[in-house]
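> Using only what follows, build the 3D model:
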Amino acid sequence: MKIRDRIKSLQRVAASELRPNPRNWRRHPKEQRSALRAVLAEIGFADALLVRECADGSFELIDGHLRADQSGTAKIPVLVTDLSESEAAKLLALHDPLAAMAETDAAKLNDLLTNIDAGTDELAQLLDSLTPSTPAENTTKAQKGVPTDSKKANALAKKWNVRCGQRWQLGEHLLVCGDSTDISLIHGLKGERAWELTVTDPPYEIDATTCSALLQWCGPLACVLAADKLAFQLGSAFDVRCDRIWLHRQPRKLPTTSLPIMYHAHILTLADGEAKTGWRKPTTDYGSVIRTEQEYATQHGHGKSSELFCRMMDGFPQKRIVDPFAGSGAGLIACEQTGRHWTGIEKEAKWAAVAIERAAAYGIKPQLVAREEVT
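Next comes the predicted model:
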């Protein structure tokens with residue numbers, strides 16, 4: 001394989017003259033800004049920012065937005081590429097997630113950290129957060145979903161007599177068979193259930209405008225599983241507070257018409273405005289790459305396991321969850337396992353029936369409580 005060299009030159013350019021990329025989807029929290037300031041103060045620049053040269057001769061950032069923002073008018077090292085706008089967009093989407101896929105050799109990292117003199121409190125705090133935990137700290141109870149053969153979905157819909165407009169009480173949880181893109185349905189349920197966080201896996205074919213509007217209707221905070229394309233689009237509509245990567249062993253075969261690219265499955269923490277997420281690292285060695293023992297619990301398209309939804313909710317203090325794309329009910333089982341209250345909305349009766357069957361198999365008693373004019 002012949003690999004092209006796309007670097008034109010190394011230059012030193014005033015940080016204030018670099019153009020932020022309007023498509024930049026990364027958001028930098030206060031803690032990261034403080035840590036970077038400490039590193040720059042202690043070490044300085046030992047790496048170059050990445051830019052593309054625009055038609056007017058200006059430089060547009062691809063990687064290094066925070067470093068540029070922290071540098072004011074100082075001249076900083078910049079690698080100038082000959083990338084086109086579309087190539088730069090692709091690299092912008094892939095640059096950080098590719099690095100996040102690296103695994104950690106805990107022994108070597110621990111040896112490295114024990115021989116570093118932090119120098120400042122900010123660096124010491126950052127280095128402490130990288131210290132690997134003991135194996136005991138990583139031991140968690142296996143949380144597996146309840147597999148149900150979704151090929152029998154239509155038969156299950158007949159078994160439970162599921163119809164659009166029904167409300168099913170499933171223990172402490174509520175499943176509504178209806179269309180979550182109906183704002184009146186969302187507003188009615190929101191007032192009744194007072195949920196605090198949206199946790200969902202939108203269907204692959206949904207467009208970003210519809211998905212963004214629905215998430216905003218549901219509330220100011222969301223944790224969303226999204227492929228690269230949708231993740232990028234949601235990043236333009238919300239403040240991305242955290243981006244974790246689900247590294248799954250059974251990736252979808254690509255490309256497809258609806259998914260021209262899907263190199264990663266992002267677990268985005270989204271906030272609207274100044275909303276506080278309350279999210280904290282579940283463990284000291286918690287990383288940005290999520291792996292699960294059980295990936296797909298059913299054959300409902302790519303129906304996910306409850307273990308994945310448990311991992312998505314790791315670190316969130318919120319107890320009242322809504323899933324506007326309930327599908328086969330992975331979020332329901334995950335909330336039952338983690339002591340949360342779940343409200344799910346599923347448009348198709350057959351998949352709502354799969355979720356009901358799944359709950360029953362887990363020991364949750366389904367009860368039809370109401371039939372409403374829900375579409």
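> in this protein, which spans are helices?
30-42, 65-71, 85-100, 106-114, 121-130, 153-160, 183-193, 208-218, 228-237, 306-313, 330-338, 349-361 (DSSP state H).
> Nearest approach to residue 282 belongs to which of the ones you listed?
Smallest distance to residue 282 across those (C-beta to C-beta): 9.1 Å, for helix 306-313. Where C-beta positions appear, they are placed from N, C-alpha and C, glycine not excepted.
> Run the angle between the closest one and helix 349-361 for me.
90 degrees (axes from the mean of the first three to the mean of the last three C-alpha atoms, to 10 degrees).
> what does the average pLDDT come to for helix 306-313?
Helix 306-313 carries an average pLDDT of 92.
> What count of nearby residues applies to the closest residue in space to residue 326 that isn't next to it in sequence?
Excluding the flanking residues, the one nearest residue 326 by C-beta to C-beta, 6 or more residues apart in numbering is residue 344, at 3.2 Å. Neighbour count for residue 344, taken as other C-beta atoms under 10 Å: 27.
> Please apply the same query to residue 14.
Residue 14 has 14 nearby residues by other C-beta under 10 Å.
> What separation is there between it and residue 71?
Using C-beta to C-beta, to the nearest Å, residue 14 is found at 9 Å from residue 71.
> and if you look at residue 117?
Distance from residue 117 to residue 71, by C-beta to C-beta: 25 Å.
> Settle it for me: which of the two has more neighbours?
Neighbours of residue 117 and residue 71, each counted by other C-beta under 10 Å, are more numerous for residue 71; the result is 18 against 8.
> Kindly state the pLDDT recorded for that one?
We note a pLDDT of 94 for residue 71 in this prediction.
> Tell me which residues touch it, please.
Neighbour list for residue 71: 15, 40 [criterion: C-beta atoms under 8 Å, 6 or more residues apart in numbering].
> still on that earlier bit, is it possible to get CSV of the helices of the chain that adds distance to residue 271?
As requested, the helices of the chain are exported to CSV (distance: least, C-beta to C-beta, whole Å):
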stretch, distance to residue 271
helix 30-42, 14
helix 65-71, 18
helix 85-100, 19
helix 106-114, 31
helix 121-130, 22
helix 153-160, 35
helix 183-193, 17
helix 208-218, 10
helix 228-237, 11
helix 306-313, 15
helix 330-338, 20
helix 349-361, 28
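> of the ones you listed, which approaches residue 289 most closely?
Comparing the helices of the chain by C-beta to C-beta, helix 85-100 comes nearest, at 5.5 Å.
> What's the mean pLDDT across that closest one?
In the prediction, helix 85-100 has an average pLDDT of 90.
> Quick check: buried residues in it?
88, 89, 91, 92, 93, 97 (16 or more other C-beta atoms under 10 Å).
> Show me what the closest residue to the first one other than its chain neighbours is bridged to.
This means residue 88. Excluding the flanking residues, the one nearest residue 88 by C-beta to C-beta, 6+ apart is residue 52, at 4.6 Å. According to DSSP bridges, the residues that bridge with residue 52 are residue 60, residue 81.
> Now that residue 52 has come up, it's in contact with residue 85, right?
Yes - the pair residue 52 and residue 85 passes the contact test of C-beta atoms under 8 Å, sitting 7.4 Å apart.
> list the residues that contact both of the two?
What both residue 52 and residue 85 touch, as defined by C-beta under 8 Å, 6+ apart, is an empty set.
> which residue is nearest the centroid of this structure?
residue 267 (1.4 Å; C-alpha atoms, centre = their mean).
> what residues are up against it?
223, 224, 225, 243, 244, 245, 246, 290, 311, 312.
> so who does the closest residue to the third one other than its chain neighbours touch?
By the measure of C-beta to C-beta, 6+ apart, the closest residue to residue 225 outside its immediate chain neighbours is residue 201, 4.3 Å from it. By C-beta under 8 Å, 6+ apart, residue 201 lies in contact with 224, 225, 304, 325, 327, 330.
> What of residue 124?
Contacts of residue 124 (C-beta under 8 Å, 6+ apart): residue 118.
> which regions of the stretch 1-150 of the chain lie under the pLDDT threshold?
Residue ranges of the stretch 1-150 of the chain with pLDDT under 70: 106, 114, 119, 121-122, 125, 128-150.
> ok, residues contacting stretch 60-70?
Contacts of stretch 60-70 (C-beta under 8 Å, 6+ apart): 15, 18-21, 24, 26, 28, 32-33, 36-37, 40, 45, 48-52, 54, 76, 78, 81, 83, 88, 91-92, 95-96.
> Compute the first-to-last residue distance for it.
16 Å (C-alpha to C-alpha, to the nearest Å).
> What are the buried residues along that stretch?
Buried residues in stretch 60-70 (16+ other C-beta under 10 Å): 60, 61, 62, 63, 64, 65, 66, 67, 68, 69, 70.
> just to revisit the earlier point, give the burial count for the residue nearest to residue 88, as a bare number.
By other C-beta under 10 Å, 24 other residues sit near residue 52.
> can you check residue 368 too?
14.
> Model confidence score at it, please.
pLDDT, residue 368: 96.
> wait, what's in contact with it?
161, 166, 167, 168, 169.
> does the third one have beta-bridge partners, and which?
It stands for residue 167. Beta-bridge partners, per DSSP bridges, of residue 167: residue 176, residue 370.
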